[in-house]
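Chemist: quick one: sequence and predicted model below, then my questions.
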Amino acid sequence: MSRSFRISEENSKGLIELIEGEESIAQMTYSRLDANNVIIDHTKVNPKVKGTGAGTAILEAMVNWARGNKQKVLPLCPFAKAMLEKRSKWHDVIRK
């Protein structure tokens, strides 16, 4: 089954969703700190797809979105923080 991403932002709140078929199987929420910085608040993965890489996939979508939109990311979500620190190829988007 194919997976795709949907990104939406309203006011200062954003959502990235991983869609499989017609279902949202993982979500990552963020809050806008200012025009160039976002805070990752929370990552949620549907229990039926845990262990399939859905969490990593949605974080990678966030990294790609941040790069494409010249954003820096402050990860308050424990999952996002651990994964961003672990992968040096993503360090460029971390807000110092």
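Modeler: Alright, I've got the coordinates.

Chemist: hey, where'd the helices end up in this structure?
Modeler: Under the criterion DSSP state H, the chain contains helices at 54-68, 78-86.

Chemist: of these, which is nearest Val93?
Modeler: Nearest of those to Val93, taken as Cβ to Cβ: helix 54-68 at 4.4 Å. (C-beta placed from N, C-alpha, C; glycine too.)

Chemist: and the helices of the chain, which is most packed in?
Modeler: For the helices of the chain, the largest average neighbour count (mean count of other Cβ atoms under 10 Å) is found in helix 54-68, namely a mean of 19.

Chemist: which other helices and strands contact that one?
Modeler: strand 3-10, strand 13-20, strand 23-34, strand 37-45, strand 72-75, helix 78-86 (3 or more Cβ pairs under 8 Å, 6 or more residues apart in numbering; DSSP states H and E).

Chemist: related to what we said a few turns ago, can you put the helices of the chain in CSV and add distance to Thr43?
Modeler: Shown next, in CSV, are the helices of the chain (distance: least, Cβ to Cβ, whole Å):
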stretch, distance to Thr43
helix 54-68, 6
helix 78-86, 5
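
Chemist: with that, I have no additional questions.
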